[in-house]
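S.K.: Okay, here's the prediction I keep looking at, along with the sequence it came from:
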Amino acid sequence: MSATRIVAVAPGSPGADAGLAPGDQLVSLNGQVPRDIIQYRLLTDDSDLTVEVDRGGLVMTVEITKAAGEPLGLEVESPLFDRVQTCDNHCEFCFIYQLPPGLRKSLYLKDDDYRLSFLYGNFTTLTRFTEADLERVITERLSPLNVSIHATDPKVRTEMLRNRRGATSLRWLRALLDHGIDVHGQVVVCPGINDGAVLDDTLAGVLDQYPELASLCIVPLGVSRYSNEPRMRPHTREEASDVVDCVEDWQDVFRAALGRRLVFAADEYYLLADRPFPDADAYEDFAMHEDGIGMARTFEAEFEGRALEATGVSAGFFAWVEGRLDGAPFEPYRGPRTDGAEVAVTLGPRRDAPIAILSGEYGARVLHPIVGRLARDDVRVIPVANEYFGGNIGVTGLLVGADLARVLADEPAGHRYLLPDVCLSSGRFLDGTTPADLPRPVEVVATDGHALRAALS
């Protein structure tokens, strides 16, 4: 039976007025047992609720009357009340297999759950998707979803997923699109496996079979020093440039056939190929900003005041398991990285002290020209090499406390050190350390151009 524990009750809320308390086990709502936070929110929209809870082994029934749509005021411990749908693929490129030993056990859990795709933007391969799942997605309009495609050739996809269902599971993608579900696709390109002619074939397959896709992002393979797959290697500059050329050629094809570009290369590809990013309007509303598509142009526009709202960075990879197994709070529906507590780091330096912006190596390459246009000699960017994961890992979101501590130990005291919040999940780095463990005080700043500009001013 599905159940979840109540961890907090908002004062003055209908739940508090009814006597519900932290520690109560939520059993049912109006006679239905919710499987997850999605069903919970649908059920609690009702004005009249019969809530059944288990308090210390004693089952209690509470009647609640409230306004329709008014929140019940409960915070529960996990987004999923039943078992997570784990991944039974064995992809060579899976980053979970490339993690170092000794991390929190939650970080090693692989999911392939469409609910986490809806809630957090995780990607699902659909190899464990069922008729019942399709019925629920359609009935409850769980849209958008993110689907890992990787290749449309059945043999190549089976080989990449190391799962025979990889050859047939994209039939569910066709069914989702047929029922009007918005789907964003992803292709992780592994050099020598699904690049070159295979990537061309995949994009042709998308045009032929899945033209209703909301977008398709092409992202490069990340290889840590812990990978033990001999075929997995970083792109060369020439290979990255070939991928960019392929994507841009197919954008022309899609625009001619569909009136939109549909496919986009991740910012990382332009950095690897040492080529300029496309203009902002080429990203068509930045549909997959969360997956590294157009992030640099978005950040630049925010920093220069040309974007009205900050886009920020989604919690994304690893974020949901922090709540599932480590007892940390979660914020469903693509919640932010921070809950506010991490930002309130006490600053030691004066506000007019010299400023250093900490960033991963890729992020530093984006920041250097943007910050350079300020022509301020009191602001600098510090690229932090990711020795913890090693390999070609250079994104800021995978920086850990150990690498930041190594770099900060050689930096002068009394300066302001700005740290993007994308490095943190529930106040911790992936290696389990916190900003308080660093040898210099840091100021945690939201990962968007508006926030950085405000911190610099």
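M.R.: Now that the structure is in, tell me what you want to look at.
S.K.: now Glu248: how far from Leu221?
M.R.: 20 Å (Cβ to Cβ, to the nearest Å). The way it works is simple: take the backbone N, C-alpha and C, and place the C-beta from them, glycine included.
S.K.: okay, the two: which has more neighbours?
M.R.: Neighbours were tallied for Glu248 and for Leu221 using other Cβ atoms under 10 Å; the higher tally belongs to Leu221 (21 against 15).
S.K.: So for the more buried one, what's the nearest residue that isn't a sequence neighbour?
M.R.: Nearest residue to Leu221, sequence neighbours excluded (Cβ to Cβ, 6 or more residues apart in numbering): Cys190, at 4.9 Å.
S.K.: Does the one you found touch Gly222 like I think?
M.R.: No. With contact defined as Cβ atoms under 8 Å, Cys190 does not count as touching Gly222 (10.4 Å).
S.K.: Quick one: end-to-end length of stretch 398-414, please.
M.R.: Stretch 398-414 has an end-to-end distance of 26 Å (Cα to Cα, to the nearest Å).
S.K.: If we go by neighbour counts, what in that stretch is buried?
M.R.: 398-405, 407-408 (16 or more other Cβ atoms under 10 Å).
S.K.: Between Cys190 and Gly222, which contacts overlap?
M.R.: Residues touching both Cys190 and Gly222 (Cβ atoms under 8 Å, 6 or more residues apart in numbering): Phe93.
S.K.: These two: which is more packed in?
M.R.: Remark: of Cys190 and Gly222, Cys190 carries more neighbours, 23 against 20, as counted by other Cβ under 10 Å.
S.K.: coming back round to it: tell me which of the buried residues of stretch 398-414 is nearest to Leu258?
M.R.: Leu398 (34.3 Å; Cβ to Cβ).
S.K.: for that closest one, phi and psi?
M.R.: Dihedral pair for Leu398: phi -110, psi 10, per degrees, to the nearest 10.
S.K.: Look up how far Pro100 lies from it.
M.R.: Distance of Leu398 to Pro100, given as Cβ to Cβ: 12 Å.
S.K.: what is in contact with the two at once?
M.R.: What both Leu398 and Pro100 touch, as defined by Cβ under 8 Å, 6+ apart, is the set Phe389.
S.K.: Scan the protein for its longest helix.
M.R.: helix 237-258 (DSSP state H).
S.K.: Which parts of the stretch 301-450 of the chain are helices?
M.R.: 319-326, 361-372, 401-408, 449-456 (DSSP state H, counting those that start in this stretch).
S.K.: for those, which one sits closest to Val51?
M.R.: Closest approach to Val51 among those (Cβ to Cβ): helix 319-326, 21.9 Å.
S.K.: where in the stretch 251-400 of the chain is pLDDT low?
M.R.: Low-confidence segments of the stretch 251-400 of the chain, defined by pLDDT under 70: 308-348.
S.K.: let's see it at 90
M.R.: 280, 284-293, 305-352 (pLDDT under 90).
S.K.: What confidence value was assigned to the residue at the greatest distance from the centre of the chain?
M.R.: Distance from the C-alpha centroid of the chain peaks at Leu58, with 39.2 Å (Cα atoms, centre = their mean). If you check Leu58, the pLDDT there is 94.
S.K.: quick one: it from Val27, how far?
M.R.: 11 Å.
S.K.: How about Gly294?
M.R.: Between Gly294 and Val27 the computed distance is 45 Å (Cβ to Cβ).
S.K.: Equivalent analysis for Glu140, please.
M.R.: Glu140 sits 21 Å away from Val27 when distances are taken as Cβ to Cβ.
S.K.: What of Glu239?
M.R.: 55 Å.
S.K.: Next: Glu300.
M.R.: For Glu300, the distance to Val27 - Cβ to Cβ - is 50 Å.
S.K.: Where do the helices of the stretch 1-150 of the chain begin and end?
M.R.: Counting by DSSP H, counting those that start in this stretch, the stretch 1-150 of the chain has these helices, from start to end: 14-17, 37-43, 114-120, 131-140.
S.K.: Mean pLDDT added to those helices, as TSV?
M.R.: Putting those into TSV (pLDDT from 0 to 100) gives the following:
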stretch	mean pLDDT
helix 14-17	94
helix 37-43	93
helix 114-120	93
helix 131-140	97
